[in-house]
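> just the structure for this:
(one chain, ligands or ions: 2)
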Amino acid sequence: MTQSSKGLEGIIAAQTGISYIDGEHGRLLYRGLDINVLAEHSTFEETTSLLWYGKLPNHKQYESFRRKMIENRLVPNEIIALLLLLPKKTTVMGVLRTAVSALAPFDPETGDNSLDANVNKSIRLTAAMPTIVAAWERIRNGLWPVTPSTELDHAANFLYMLTGKEPDPAAARVLDQCLILHADHGLNASTFAARITASTLSNLHSAITSAIGTLRGPLHGGANEQVMRMLLEIGDVDRVDHYMRGALAARKKIMGFGHRVYKADDPRAAWLRSLAEELAETTGNQRWYLMSERIREIVQSERSLPVNVDFYSAPVYYTLGIPIDLFTPIFAISRVAGWTAHVYEQYADNRLIRPESEYVGPVDVPYLLLDQRP
Ligand SMILES: CC(=O)SCCNC(=O)CCNC(=O)[C@H](O)C(C)(C)COP(=O)(O)OP(=O)(O)OC[C@H]1O[C@@H](n2cnc3c(N)ncnc32)[C@H](O)[C@@H]1OP(=O)(O)O
Ligand SMILES: O=C([O-])CC(=O)C(=O)O
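Numbering: from 1, shown residues only. Ligands and ions are numbered 1, 2, ... in the order given. Predicted structure coming up:
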């Protein structure tokens with residue numbers, strides 16, 4: 001009866017009006033708008049508003065949305081107390097998953113699954129996630145969390161909360177563009193996880209908790225951290241050729257390459273590449289950008305694999321001075337915009353997501369009593 005497809009490749013499991021991916025030509029649109037235009041002109045706040053409400057906000061709507069995000073940056077003291085209790089070795093994605101889950105009962109509209117309540121919850125969650133990540137970064141370094149700014153934009157405020165110093169506007173704009181570029185991407189694994197959870201009519205916080213756990217893996221959002229670890233392991237541009245030829249000969253997976261949907265290069269990677277190049281020039285630290293360039297040349301001449309979003313985000317974040325294990329949490333801080341939009345879409349036309357499995361195990365196995373077993 002039903003078609004079986006490992007990894008659900010080629011299966012259409014939902015209809016969406018949120019993002020459109022043309023994998024053959026390397027195009028990505030959010031609500032019909034080209035990602036290149038958004039990366040150039042938009043902000044993360046505006047893009048989030050676009051994803052949730054379906055169209056770009058006018059001036060008044062934009063200001064009101066931005067203010068609401070700012071007003072919801074603080075997290076309850078109990079969440080900071082929870083972070084203080086976690087073992088310092090907890091992964092940052094683990095901290096984020098735990099804190100997002102723990103936020104549910106503190107939400108003033110917990111238990112209300114209406115669209116209005118869910119949009120309010122999404123604003124609170126999207127505003128709070130950078131605060132959680134930055135607070136953890138401070139706590140694990142023996143520092144007290146920085147109170148969020150009541151003026152700075154979302155990206156700038158995140159950098160401010162990491163260090164307590166107002167960031168360079170150019171660095172904040174680079175991060176803002178990264179957040180725009182990561183905000184949504186069709187039915188990727190973490191979004192699918194969020195939609196599966198929502199399809200049981202579970203709540204928004206549960207769906208986002210599922211998504212964070214799914215994003216973390218190295219085949220998905222966790223790849224950006226692995227790319228940076230590979231760059232550090234190689235160490236210098238003149239060691240790239242030897243390392244890559246060995247890795248390709250050993251048929252190792254090269255993080256930041258390959259994609260289920262893109263056959264051409266990921267359009268987000270082109271942006272991230274130019275941001276990496278720009279940062280290399282402005283900081284005078286060319287090493288990570290030049291190494292990335294050489295890796296891409298080798299991988300693409302030896303294997304025709306597209307470069308994906310996780311590849312150049314690694315040198316960008318590293319050159320911005322961001323600790324490596326915050327790279328995937330930054331992805332989550334952005335992708336929550338898309339996850340929540342997909343949760344609304346799922347609730348609006350819900351049917352339980354329940355594919356089938358093909359049983360390949362034994363049948364009618366006799367039950368042996370404990371003392372009869374070999
Ligand atoms: C935000 C994101 O999630 S973007 C993706 C981030 N993940 C990564 O960068 C991890 C590295 N990439 C990969 O593991 C894969 O390309 C995935 C998981 C992204 C896509 O996986 P799939 O669509 O299942 O493709 P699959 O893994 O079957 O690869 C197909 C072929 O290309 C090869 N291939 C795919 N990606 C890579 C890679 N990064 N390095 C080396 N070979 C690769 C596979 O080995 C396989 O070769 P084979 O047919 O000879 O066995
Ligand atoms: O779409 C995917 O499978 C992975 C991806 O690029 C993303 O989530 O941004």
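
> next up, the contacts around Thr319.
The neighbours of Thr319, taking Cβ atoms under 8 Å, 6 or more residues apart in numbering as the test, are 276, 279-280, 283, 285, 288-289. C-beta here means a position set from N, CA and C on the backbone, and glycine is covered the same way.

> most surrounded residue in those residues?
Within the contacts of Thr319, neighbour counts (other Cβ atoms under 10 Å) peak at Ala276, which reaches 27 neighbours.

> contacting residues for Phe311?
Counted by Cβ under 8 Å, 6+ apart, Phe311 has contacts 224, 227, 255-257, 269, 272, 292, 296.

> if we use 6 Å, what do you get?
Counting by Cβ atoms under 6 Å, 6 or more residues apart in numbering, Phe311 touches 227, 256, 269.

> tell me the pLDDT at it?
Phe311 is assigned a pLDDT of 98 by the prediction.

> so Glu24: helix, strand or coil?
Under DSSP: H, G, I helix; E, B strand; the rest coil, the three-state class of Glu24 is coil.

> for the one 4 residues further on, same thing?
Taken by three-state DSSP, the conformation at Leu28 corresponds to strand.

> how many residues are close by it?
Quick note: Leu28 (other Cβ under 10 Å) scores 24 neighbours.

> that one bridge partners, please.
Ile21 (DSSP bridges).

> quick check: it touching Asn36?
No. Using Cβ atoms under 6 Å, Leu28 is not in contact with Asn36; the gap is 8.6 Å.

> just the buried residues of stretch 45-58, please?
45-52, 57 (16 or more other Cβ atoms under 10 Å).

> what lies in contact with it?
Counting by Cβ under 6 Å, 6+ apart, 31, 38, 65-66, 69, 154, 180, 183-184, 337, 341 sit against stretch 45-58.

> what is the nearest of the residues you listed to ligand 2?
Asp184 (7.9 Å; Cβ to the nearest ligand atom).

> tell me how far the residue in the chain that ligand 1 sits nearest to lies from Gln372.
The chain approaches ligand 1 most closely through Gly258 (2.1 Å), counting by Cβ to the nearest ligand atom. According to Cβ to Cβ, to the nearest Å, Gly258 and Gln372 sit 50 Å apart.

> higher neighbour count, these two?
Gly258 (16 against 8).

> distance of the closest residue to that one other than its chain neighbours from ligand 2?
Closest residue to Gly258 apart from its sequence neighbours, by Cβ to Cβ, 6 or more residues apart in numbering: Leu305 at 4.9 Å. The spacing between Leu305 and ligand 2, counted by Cβ to the nearest ligand atom, to the nearest Å, is 14 Å.
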